[in-house]
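Novice: What shape does this take:
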Amino acid sequence: IGVAASIVALFGLFMLLAIGVFAQNAPIDFEPAGNGAGWAWDVFENGDNPPVEFSTNPFPSAPNTSANVAKFTARDEGQDYAGCASEGIGSFTFDETNATVKLMVYKTVLSNVKVKFELSTGGSVEKDASNTIINGWEELTYDFSAVIGNSFDRFVIFPDYAPRDQDNIIYFDNVTFSAGTAPT
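Specialist: Predicted coordinates:
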């Protein structure tokens, strides 16, 4: 019994290590001990491509009273599809427990916020949602249940997917993954 128990314990330890190595890095909350703020974020198609900034939440009010947020400045001279991307999410596979993606935005304009997942070897999936509130935090929801079983390794956000005639500052935060429904 002693050897069998040791084998079971060793197997359990290996399983926990495997889960830790292959787990997605979520939620993305931009807190010092959390996910997102320490990741490399590539800004693209945004004029001079100012970096994503991580700062204290300038508007801590419901529904987002968290301490830290990401700040993206969408440049007037940038493309409509200017955005930022990170591979910090790690290997990510959609399943029934994580196919609903939510994120919070604080914007001064109404426009689409596109979320995209890419695989470095090819393939991607993206969804749009539009904010309906300006000058206040709003949670947007994206349904990725149609791609359950697919894996990705890069998270992309287009925080102001629209034509601009001025620079727009967008704050985003609290990207979460929760239960979705299997496609029919």
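
Novice: what residues are up against residue 52?
Specialist: 41, 43, 70-72, 84 (Cβ atoms under 8 Å, 6 or more residues apart in numbering). C-beta coordinates here come from the backbone N, C-alpha and C atoms, glycine included.

Novice: This structure: strands as residue ranges?
Specialist: Using DSSP state E, the strands found in the chain span residues 42-44, 53-56, 68-74, 83-86, 92-93, 100-106, 112-118, 124-130, 137-143, 151-152, 154-161, 168-178.

Novice: okay, and the helix or strand of the chain with the least pLDDT?
Specialist: Every helix and strand in the chain was compared by mean pLDDT, DSSP states H and E; the lowest is helix 2-22, with a mean of 40.

Novice: so where is the chain shaky, pLDDT-wise?
Specialist: 1-24, 180-184 (pLDDT under 70).

Novice: Apply 80 and report the result again.
Specialist: Filtered on pLDDT under 80, the chain yields the residue ranges 1-25, 180-184.

Novice: And the residue sitting nearest the centre point of it, how far from residue 47?
Specialist: Note on the chain: the residue nearest the mean C-alpha position is residue 175, at 4.8 Å, using Cα atoms, centre = their mean. Distance, residue 175 to residue 47, by Cβ to Cβ, to the nearest Å: 25 Å.

Novice: now residue 115
Specialist: Look at residue 115 and residue 47: by Cβ to Cβ, they are 22 Å apart.

Novice: More neighbours: the two, which one.
Specialist: Comparing residue 115 with residue 47 by other Cβ atoms under 10 Å, the one with more neighbours is residue 115, at 23 against 15.

Novice: Check whether the more buried one really touches residue 100, as I assumed.
Specialist: No. Under the criterion of Cβ atoms under 8 Å, residue 115 makes no contact with residue 100, lying 11.5 Å away.

Novice: what's the distance between the residue nearest to the centre of the chain and residue 163?
Specialist: In terms of Cβ to Cβ, residue 175 sits 25 Å off from residue 163.
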